[in-house]
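1. what follows is a predicted protein model with its sequence.
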Amino acid sequence: MFVCPKCYHALWFFYPDQCVCGYVIPKIDSVYQFSDEPPVSLDQPGQRYLGYENVGENYEGCLEQEVDDYGIFGGCSRELVRLLGKGCIVLDLGTGLGPAAITLAVAGANTIAVDVSQRMLAIAAQRAAGRRMNSHLAFARMNAYNLAISNKSVDAVVAVDVLHQLDNPAVAVKEIIRVLKPGGVFIEYDSVSLPLTPEQHEINRRCSEALRDIRNHYYAALTKHGYAGPPFSSWEEVRETINRYFSAPELLPTDYVGVWTEKMRKGINKLKTRASGGAQLIPDDVHAAAWDEAHKNAVRKYGHNYIDIPGYSRYSGVVKVYRPKNEVLGDRQD
Ligand SMILES: C[S@@+](CC[C@H](N)C(=O)[O-])C[C@H]1O[C@@H](n2cnc3c(N)ncnc32)[C@H](O)[C@@H]1O
């Protein structure tokens, strides 16, 4: 699976400590170092990326009340392992704090968790340490633009909310296709909303509107204080790229059903701590001024306890299974 960064020899061990060339893969905080590229790079047009190095714990993709199963992640990972079979090899690209990778390894997939941010990987490895796994789980620092993974060596690549952090998602998609075994699949985890009663719907509407209003206020204040916005982030380009390289996805429903009431709390925490790719780059003084304005506006409109405004959504997880189009598989090297 892994490729030695020094001699490019394949390393056919799940824990790739040393290559036959003698090179010892450096390990920091349980994370193999296959790249020493910066965690955020905005220098090269067409190859820019936003690793979450300044985000860390504040990026909580899952729900506080469900930390063991990480919300939809547990259900989706179990469904994926049912599809591929226990012992399959899965690469979780842009693993972040590791919710997909950890639940995949618990479900029985041999999992390689990859991210360009050492900080995110180190926290993910720490979170995994206390869990009982049913297969291997290795954490490796790599860049999605240039994976140190052998050709045709993994059964699936999972990428959840990652490709929009890349200036040029097509380069990463070509890497994904390169490392897939014949018959291998690209996977996204997604959530679908489930019906609500009129009362629940009303609770959720009020919460969403207040959060949108507070966010809009914050972003308007950022602009006023001279911040031009995140350097890039285009979901449209990601969708267009995926459609270019893969057939329409097969959708696998999961048996997971969750209720989420923490939309306001999570949303405000992410805003306040700049916990997203582009937001982490907002200068301290600009952020402090914009947050101060947004907070005062929120207190005026929604009261001091606005963070406690409840939300209500019911949702389930869906696994999206993409198969590469035949024409993009034709020229792959062995
Ligand atoms: C929005 S977070 C998603 C994390 C995780 N997949 C989840 O759903 O909770 C995006 C992750 O992609 C990582 N990332 C961004 N650019 C990357 C790159 N060029 N190579 C590898 N990882 C990258 C970030 O460091 C971050 O951890």
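-> Cool, the structure landed.
2. where does the protein have low pLDDT?
-> Across the chain, residues meeting the criterion (pLDDT under 70) sit at 61-68, 230, 233.
3. neighbours around the closest residue to the ligand within it, how many?
-> Scanning the chain for proximity to the ligand using CB to the nearest ligand atom identifies residue 96 as nearest, at 2.5 Å. All C-beta spots, glycine's among them, are computed from the backbone N, C-alpha and C. If you count neighbours by other CB atoms under 10 Å, residue 96 ends up with 25.
4. just residue 190 next, same as before
-> Summarising burial for residue 190: neighbours were counted as other CB under 10 Å, giving 16.
5. A strand includes it, no?
-> Yes - counting by DSSP: H, G, I helix; E, B strand; the rest coil, one finds residue 190 located in a strand.
6. measure it to residue 238 for me?
-> In this view, residue 190 and residue 238 are 13 Å apart by CB to CB, to the nearest Å.
7. I'd like the distance between the residue of the chain closest to the ligand and residue 279.
-> Computed as CB to CB, the residue 96 to residue 279 distance reads 15 Å.
8. please parse this structure into its domains.
-> With automatic domain parsing serving as the domain definition, the record reports that the chain contains domains spanning 2-194+231-257+318-329, 198-229+262-308.
9. can you give me the end-to-end distance of the longest one?
-> End-to-end span of domain 2-194+231-257+318-329 (CA to CA, to the nearest Å): 21 Å.
10. check which residues of the longest helix seen in the chain are buried.
-> Ranked by number of residues, the top helix in the chain under DSSP state H is helix 198-224. Along helix 198-224, the positions that meet the burial threshold by neighbour count (16 or more other CB atoms under 10 Å) are 200, 203-204, 206-208, 210-211, 214, 217-219, 221-222.
11. show me what it is packed up against.
-> Helices and strands touching helix 198-224, by 3 or more CB pairs under 8 Å, 6 or more residues apart in numbering; DSSP states H and E, are helix 263-272, helix 284-302.
12. quick one: which of the ones you listed is nearest residue 48?
-> Shortest separation from residue 48 across the helices and strands packed on helix 198-224 is recorded for helix 284-302, at 20.8 Å, computed as CB to CB.
13. what is that closest one packed up against?
-> The contact analysis (3+ CB pairs under 8 Å, 6+ apart) places helix 284-302 against helix 198-224, helix 263-272.
14. and the shortest one, does that touch the ligand?
-> Going back to what we said before, that points to helix 263-272. No - counting by CB under 6 Å from any ligand atom, the ligand has no neighbours in helix 263-272; the shortest distance is 10.6 Å.
15. what angle do helix 284-302 and that helix make with each other?
-> Helix 263-272 runs at 150 degrees relative to helix 284-302, counting by axes from the mean of the first three to the mean of the last three CA atoms, to 10 degrees.
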